[in-house]
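1. Please work out how this folds:
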Amino acid sequence: LLQPFDGSLWVAGYNITHQVVSGSSEAVDEFLSVLQGKGIRAKRLNVSQAFHTPLMTPMLEAFRKELEATVFHAPLIPVISNVTAEVIEGPTAAEYWMRHILEAVRFEQSLAYALDQEVSVLIECGPDAILAGMAGGG
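-> Numbering: from 1, shown residues only. The predicted structure follows:
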């Protein structure tokens, strides 16, 4: 369904029960109409930017400067990255967080990794407790 929108819409999140598509406001509106026409339930999220897409590229240099002024430390407990869907080894760096801005959130893959590793307790770290509910917690 995204093929006609190549270059204007991207999958921004693989979230198990809900997939997130991001891009220009006009393309999102058009895509919502396409989905509605096919009887697929979808809604527009209230966000300020097209996060997790190449449309975030213009802010990267300013973001890099802030990140390079930040001291990162290795996690004290295992943290599964929603960028790589694997445990973060050592401290992150500016490049990692820049990837996080541009690439899709790989929550579904991260949860699969955790289950494969027989992890029994998960903690969601973020601005809202949205993903925990999709994982059956919350």
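
2. Distance of the residue lying farthest from the centre of the chain relative to Ser22?
-> The outermost residue of the chain, judged against the average C-alpha position, is Gly37 (26.6 Å), by C-alpha atoms, centre = their mean. Here the criterion is C-beta to C-beta, to the nearest Å. By it, Gly37 lies 20 Å from Ser22. Bear in mind the C-beta positions are built from the backbone N, C-alpha and C, glycine included.

3. ok, back up a step: measure the residue farthest from the centre of the chain to Leu55 for me?
-> Distance of Gly37 to Leu55, given as C-beta to C-beta: 25 Å.

4. Please, where are all the strands along this structure?
-> Here the chain has its strands, by DSSP state E, at 9-15, 18-23.

5. can you put the ones you listed in CSV and add distance to Val87?
-> Below are the strands of the chain laid out as CSV (distance: least, C-beta to C-beta, whole Å):
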stretch, distance to Val87
strand 9-15, 18
strand 18-23, 24
